[in-house]
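> Need the 3D shape of this:
(chains A, B and C, ligands or ions: 2)
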Amino acid sequence: MKSRWLPYALFAAWVVVLATTPLWGSNYIVRVAIMIAMFTGLTLSWNFIGGFAGYPSFSTAAFFGIGCYAGALAQRAGVPMVLAWIVATVVVGAIAAALGAIILKMRGHYFAIASIGIVEVARLIISSWGSLTGGGDGLNVPLMSGGPNAVARIFLLVMIVIMIMSFIVTVIVDRSRLGFGLRCIQQNEDAANMVGVNNRLYKVIAYTLSALFCGTIGAAHASWTGYIDPSDSFSILMSVKVPVMCLLGGPGTLLGPVIGTAAFMMLEEVFWANFLDYNRAILGAVIVILIFFLPGGLLALRYRDIARRFGLLREPKMAA
Amino acid sequence: MSTTILAAERLNQRFGGIQAIDDLSFALKEGEVVALIGPNGAGKTTLVNLLTGVHQPTSGRVRFEGVDVTSQKPYQAARRGLARTFQIVQPFPRMTVLENVAAGALFGGASPSVAAAMDTAREQLEFMELAQFADRPASALTLAGRKRLELAKSMAMRPKVLMLDEVNAGLNSSEIDGALRLIRKIAERGITILVIEHLMKVVMSLAERVLVLHHGQLIAEGGPKEIVRNSKVVEAYLGQKFADRFGGEAANG
Amino acid sequence: MVYVQTLVNGIVLGALYACLAVGFSLVWGVLNVINMLHGSVIIFGGYLTFFAWHSYGIHPLFALPVVAAFMFLIGYVTQLLMINRVIDQPVLTTLTLTFGLDLILYNFMTVYYTATPRRVTLDLGALDLFGIAVPVDRVFGMVLALALTGLLYLVLRRSRIGRAIVAVRMDSAAAALMGIKVDRIYAITFGIGALMAGATGAIFAMVYPVTTNLSGTYLGKAFVVCVIGGLGSVPGALAGGIVLGIVESFAGQFFGPQHALTVGFLLMLILLVVKPTGLTGIKGYE
Ligand SMILES: Nc1ncnc2c1ncn2[C@@H]1O[C@H](COP(=O)(O)OP(=O)(O)OP(=O)(O)O)[C@@H](O)[C@H]1O
Ligand SMILES: [Mg+2]
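Numbering: from 1, shown residues only, chains lettered A, B, ... in the order given. Ligands and ions are numbered 1, 2, ... in the order given. You can find the predicted model right below:
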């Protein structure tokens, strides 16, 4: 079957495009590629809880931020960089599992608010705990040696590897009973329980999966930038951007998060460059347009119909 | 064929001021088809909810195959072999009919893999005469189709006891005949069935034994022929229906 | 004595929080929409009040009704044209939409007004009540906040439209059968939510600096008050506001002011888990 391999082929092609940017693009392009790979990882992660299970989680920034601090603190304590990322991943996963066991009793708006509350509380705790985290002044993270461009290339590869790992986990979940069960939960939670899905367990797993790579990405990001502070690490804007990217592409699908992130980030770059003062308003406008005109995301568009409307595809001959 | 498979022991369920189930005990024997009847609000759905772990009873126990399962969760009930259909159908609307049934096979019926569940689901759809709709989304089915999908889904869970909550409500008479035939086919497989019904025609033709519930209490129990002659039942069940009808007309006039 | 002072501060603060949150709570309870715009609308109301005072010398007390009416109109139209189109969709959609609208409003405010904090300074001094110092502008703000909240309560209880709103809040399908135009009630409710936000902004302009940096904080307070007090009811918002005010006031006293907010949010998270209906358990059937 052709369409079965299409998503993987497209993803592989996209990986190649991103990974080769240092060969054909400027430093600016490489930077954009790093950010795209990073956000694709975050969006793929969010897809587990928000797309598959259909729970409106806004916790991404909490996991990213905790990952930043866990990684940075580990590195400052002398843990080698890559090991520090792994530590951050495990810490974030454990925290997410514990929090998930508590807040996944809630549904709908209450869950959404609790998930936002987690970001706020995490930020407030980190900024109040000055003795450990440096409080509002932030923390310096040991920088990698080498020129900024060489370092950027390394982190491009790191972010791409994390992105690939989250894609692989997505593929595995998509085909497994876990993915099936999460889809059941998304469509009708009570009925899912009644056919034998252990809802609580499945949701906690999905929430934990949505956190794991956010932790890795946060820690890697901290190592890359060399400095973190609470307001950048725990930004509500990130918590909303990531779901929006996923919605833009098509939640609960393999490629949706990848396409949505790519489309969103490139759009944002264009506008950033030209209308620096208005970037939030533009994000807002994208959201409004998305919700009114692209309810199922880019993947749900019927491209054949559009192509036909613009005369790009010839009308199929009607059989008699 | 006389071992008890599912038993309720002195169940009570209160919702605020309402005693929905009142000191209720009964037992289902392996392989029998029992009807549960009673006027609207008698507590029939609540009873099924108690038997499948949706609610925890205020007091009393539920025993399944001799094991105390009172505090089970719905998913545990499903995996044990206690399947039920919903009075208000609960499909997974954007999944195909096949996937809906596969969900039952995968989680309740312990299929080893998604692929195996799909195979079981296909057999089940064949059995339920829904095969031609396999690839349609569940939301595209008619009410009768969705009710039958509920049946197929719970059958895919390989249940030992199947509780059917008004699977015929809202269907026309030829659809009801179809459903009756299917329920008989299911019973032939030796599955214990508890049917909740309002239609006496269905009760009379299916049930070996009838339980009558009124205000949460079991007011009568027996073969279908005796039940319709039982004066308490006539009063509670039919009497109230008539009372309702006249009451309604009086209110309108 | 120091505790009494803290308690009084908390109650004053709480009345302001109640006024801040009551519109948000009403919209959430009636429309089942979390209005992420709420914080920015408060700031918007604050700016309008500030500039009326600063440029034209209009006293905030006179600016308040005009600002409130203007916000009502904006809210009414926003609901009718935008939010109503997705009102039946999942949480993620409505929440994201209002967040998108919030980003737009927020962005335009930061560009036009810049983030510089501004404040209406009335210089009313402080009142000394048996050794407890209370700044007069705050007391004035509290009285206004309570008056507005009380007015809303009366409107919901006594007026036809108020009763219709309560009916829709309880059961929108039944209300529709009774001949209530649910869409219109939704729009009016959203308008009232914006009106209360605008009025809160006008009051806050006399007490706090007006800056877009605070919009997220205000929105956060509205969440917390709703979770404490329960949804869609005026008494609930009042109770929630005062509880939060007192808790923050004491938390500031014991752990330092920078922790007041943390404690409020923690309280919210704990309550969400143990008692999602809020402390009061009031379900909002006025
Ligand atoms: N979750 C609940 N909370 C409060 N009361 C409930 C709940 N579920 C059922 N009840 C009440 O318990 C009583 C029994 O309801 P139940 O649905 O079991 O009746 P039923 O026999 O299934 O009626 P019907 O024939 O209409 O389906 C009713 O008075 C109902 O209002
Ligand atoms: Mg019932």
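
> switch to C-alpha atoms for all contacts and neighbour counts from now on
Fine.

> can you pull the pLDDT of the residue lying closest to residue A:129 once chain neighbours are set aside?
Nearest residue to residue A:129, sequence neighbours excluded (Cα to Cα, 6 or more residues apart in numbering or on different chains): residue A:135, at 5.9 Å. pLDDT, residue A:135: 82.

> Tell me which residue of chain A lies closest to chain B.
residue A:196 (3.8 Å; Cα to the nearest Cα).

> Give the helix, strand or coil label for that residue.
Using DSSP: H, G, I helix; E, B strand; the rest coil, the structure places residue A:196 in coil.

> And for it, the neighbour number?
29 (other Cα atoms under 10 Å in any protein chain shown).

> Would you mind measuring from it to chain C?
Look at residue A:196 and chain C: by Cα to the nearest Cα, to the nearest Å, they are 25 Å apart.

> Relative to residue A:190, how far out is the closest residue to that residue other than its chain neighbours?
Distances taken as Cα to Cα, 6+ apart put residue B:75 closest to residue A:196, at 3.8 Å, once the chain neighbours are dropped. According to Cα to Cα, to the nearest Å, residue B:75 and residue A:190 sit 10 Å apart.

> Between these two, which is the more surrounded one?
A count of neighbours by other Cα under 10 Å puts residue B:75 above the other of residue B:75 and residue A:190, at 25 against 16.

> Tell me who's in contact with that one.
A:193-198, B:108 (Cα atoms under 8 Å, 6 or more residues apart in numbering or on different chains).

> mind redoing it with 6 Å?
A:193-194, A:196-198 (Cα atoms under 6 Å, 6 or more residues apart in numbering or on different chains).

> Do I have it right that the residue of chain A closest to chain B meets residue B:110?
No: Residue A:196 is beyond contact range of residue B:110, at 9.0 Å (criterion: Cα atoms under 6 Å).

> can you tell me the helix or strand for the residue of chain B found nearest chain A?
Nearest residue of chain B to chain A, counting by Cα to the nearest Cα: residue B:75, 3.8 Å away. Secondary structure from DSSP states H and E places residue B:75 in helix B:74-80.

> cool, and residue C:204?
Following DSSP H and E, one finds residue C:204 within helix C:182-207.

> Mind pulling up the pLDDT for the residue in the stretch 101-250 of chain B that chain C sits nearest to?
Residue nearest to chain C within the stretch 101-250 of chain B: residue B:139 (17.0 Å; Cα to the nearest Cα). We have a pLDDT of 88 for residue B:139.

> Repeat that for the one 3 residues further on.
According to the predicted model, the pLDDT of residue B:142 comes to 89.

> before we move on, what about the one 3 residues further on?
Per-residue confidence at residue B:145 stands at 89 (pLDDT).

> Quick check: it is in a strand.
No: secondary structure of residue B:145 (three-state DSSP): helix, not part of a strand.

> if we can go back for a sec, for the helix holding residue C:204, which residues meet the burial criterion?
If you call a residue buried by 16 or more other Cα atoms under 10 Å in any protein chain shown, then helix C:182-207 has these buried ones: C:182-183, C:185-207.

> and if you look at stretch A:93-100?
Neighbour-count burial for stretch A:93-100, counted by 16+ other Cα under 10 Å, picks out A:93, A:95-97, A:99-100.

> separation between the most centrally placed residue in chain B and residue B:20?
The centroid of chain B falls nearest to residue B:164 when counting by Cα atoms, centre = their mean (1.9 Å). The gap separating residue B:164 from residue B:20 is 19 Å, by Cα to Cα.
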